[in-house]
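>>> When you get a sec, could you give me coordinates for this:
(chains A and B)
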2 protein chains.
Amino acid sequence: MKLYNFFRSGTSHRLRIALNLKGLKPEYLAVDLRREEHLCAAFKAVNPQGLVPALVLDDGEVLIQTPAILEWLEETHPTPPLLPADAAGRARVRALAALVACDIHPVNNRRILETLRHQFGADEAAINAWCGRWISEGFDALEALLASDPTRGRFCHGDRPTLADVTLVPQIESARRFQVDLSRWPRISAIDAACAALPAFADAAPGRQPDAG
Amino acid sequence: MKLYNFFRSGTSHRLRIALNLKGLKPEYLAVDLRREEHLCAAFKAVNPQGLVPALVLDDGEVLIQTPAILEWLEETHPTPPLLPADAAGRARVRALAALVACDIHPVNNRRILETLRHQFGADEAAINAWCGRWISEGFDALEALLASDPTRGRFCHGDRPTLADVTLVPQIESARRFQVDLSRWPRISAIDAACAALPAFADAAPGRQPDAG
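Sure, this is the predicted structure:
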């Protein structure tokens, strides 16, 4: 397997965590978004959408879109499980993950912020306010959902990491980068600490990747 | 089952199509986004995130986040299947769906456009340009992915509708609303026509809902 990714990309970070949890070690191929390598013909031949991450299997099949790759990983490498066994639990974990993957991350990613800068003249304070707003609204909802689960353990769902934690932790990392004060969300902060104690999460951190800098 | 939704919400539209395909007929409860009913305490008691749709099961369980609800529907009501049987096919269908659900829809939804209007002074031409850009970039990638599949049939994947079509059709509806010329994407247009011929899709259209107007 080959993993095309970028150390600071939140979706790449998610996938690195899941691969680590599953004990998989694909070859790491850095795509430098700062140099717009994701928009070059060489990478677009891998993923026509020009987005990282992409996971290339040994048979040449190319997997794109992190939520889809995570489900593929779960189906083809079921141990350890990253989804609960019951349908209601699975719906809950997937909802927590989708809240981040659909409602927070996409509106704060690089192409959107570049457009706000160039089309609407947004300065860095306006960018931080934009990102802070969507992160805060999303984290408020997430914290309320976590608080409403009386059976919750140390992670988003139960006492083992799931796809919800895999998706949440990179968003917390991004919130820090946009100077969002995380102390408002004690449950999210506690989950972050529980995850950081696991090598699969710690080793996937942006600062530990070969292209970090 | 009770379905909290809004006729013109793209995620509500997705879920209506899937429920129709599965032969399920939940009670229709309209949440009028124009009157900000989704932000009222009554609805936030159902979904703390204040977003439609939400599906309330007969045992009181509340399902939120459309990608999660669609997977729950597929697991609990497997006939007819909306995902292929093989892991590679499932990854492909989920990737096409996620391309729309993560990279197109979230950046064009109501709360984002309202913020562009109020924070950045965007007028209607600027709003249409913003939406048109993300729809066009996404549809360019989707068309390329569809073209690269030599086994593709009348729908996004094969000759039966899948979660990819369920997610794509409401985005096409939205593209029309933002005056995007769809003739650039012949494969997407053909899939739209194939879906429109199916009652499950036709009956889910925004204009056919009780709150349409």
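>>> Pull up the distance across stretch A:11-30, start to finish.
14 Å (C-alpha to C-alpha, to the nearest Å).
>>> got the contact list for that stretch?
A:1-7, A:51-53, A:55, A:66, A:69-70, A:73, A:77, A:79-80, A:82, A:105, A:161, A:163, A:166-167, A:169-170, A:173, A:199-201, A:203-206, A:209-211 (C-beta atoms under 8 Å, 6 or more residues apart in numbering or on different chains). All C-beta atoms are positioned from the backbone trio N, CA, C, and that covers glycine.
>>> Okay, buried residues for that stretch please.
A:11-22, A:26, A:29-30 (16 or more other C-beta atoms under 10 Å in any protein chain shown).
>>> where's that stretch relative to the chain centroid, distance-wise?
Offset of stretch A:11-30 from its chain centre (C-alpha atoms, centre = their mean, to the nearest Å): 11 Å.
>>> Stretch A:102-110 too?
The answer for stretch A:102-110 is 10 Å, by C-alpha atoms, centre = their mean.
>>> How about the contacts made by the closest residue to A:Val169 other than its chain neighbours?
Residue nearest to A:Val169 in three dimensions, not counting chain neighbours: A:Cys195, with 5.1 Å by C-beta to C-beta, 6 or more residues apart in numbering or on different chains. For A:Cys195, the contact set (C-beta under 8 Å, 6+ apart) comprises A:155, A:161, A:165, A:169, A:201.
>>> What are the buried residues along the helix or strand hosting A:Ala98?
A:Ala98 is part of helix A:87-103, with elements assigned from DSSP states H and E. Within helix A:87-103, the residues that count as buried by 16+ other C-beta under 10 Å are A:87, A:90-103.
>>> near chain B too, which of those residues?
Filtering the buried residues of helix A:87-103 for proximity to chain B (criterion: C-beta under 8 Å from any C-beta of the partner chain) leaves A:87, A:90-95, A:97-99, A:101-103.
>>> Grab the two from those residues that are most spread out in space.
Largest separation among these by C-beta to C-beta: A:Ala87 and A:Asp103, giving 22.6 Å.
>>> on that earlier part again, skip ahead from the helix holding A:Ala98 and say which helix or strand is next.
Scanning onward from helix A:87-103 (DSSP H and E), the first element met is helix A:110-120.
>>> can you map out the helices along chain A?
Counting by DSSP state H, the segments of chain A that form helices are A:10-21, A:41-44, A:66-76, A:87-103, A:110-120, A:124-147, A:163-177, A:186-196, A:199-202.
>>> and the ones you listed as TSV, adding mean pLDDT?
Shown next, in TSV, are the helices of chain A (pLDDT from 0 to 100):
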stretch	mean pLDDT
helix A:10-21	98
helix A:41-44	93
helix A:66-76	98
helix A:87-103	97
helix A:110-120	92
helix A:124-147	95
helix A:163-177	97
helix A:186-196	98
helix A:199-202	98
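>>> Looking at those helices, spot the one closest to B:Ala122.
Of all these, it is helix A:110-120 that lies closest to B:Ala122, at 7.1 Å by C-beta to C-beta.
>>> How about residues contacting the closest one?
Residues outside helix A:110-120 that contact it (C-beta under 8 Å, 6+ apart): A:33, A:106, A:122-123, A:126-127, A:130-131, B:107, B:116, B:120-122, B:126, B:129-130, B:133.
>>> hmm, try it at 6 Å
Helix A:110-120 is touched from outside by A:122, A:127, B:120, with contacts defined as C-beta atoms under 6 Å, 6 or more residues apart in numbering or on different chains.
>>> cool, and stretch A:34-47?
Applying C-beta under 6 Å, 6+ apart, the contact partners of stretch A:34-47 are A:31, A:50, A:52, A:54, A:64.
>>> For it, output the C-alpha coordinates as CSV.
Taking Å, rounded to 0.1, in the frame of the first residue of the first chain, the C-alpha atoms of stretch A:34-47 are listed here in CSV:
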residue,chain,number,x,y,z
ARG,A,34,2.0,24.5,0.1
ARG,A,35,3.8,23.9,-3.2
GLU,A,36,0.4,22.9,-4.8
GLU,A,37,1.7,19.5,-5.7
HIS,A,38,-1.8,18.2,-5.3
LEU,A,39,-2.8,20.2,-8.4
CYS,A,40,0.0,18.8,-10.6
ALA,A,41,-0.7,16.4,-13.4
ALA,A,42,1.3,13.7,-11.6
PHE,A,43,-0.9,13.6,-8.6
LYS,A,44,-4.1,14.2,-10.5
ALA,A,45,-3.3,11.0,-12.4
VAL,A,46,-3.6,9.3,-9.1
ASN,A,47,-6.7,11.2,-7.8
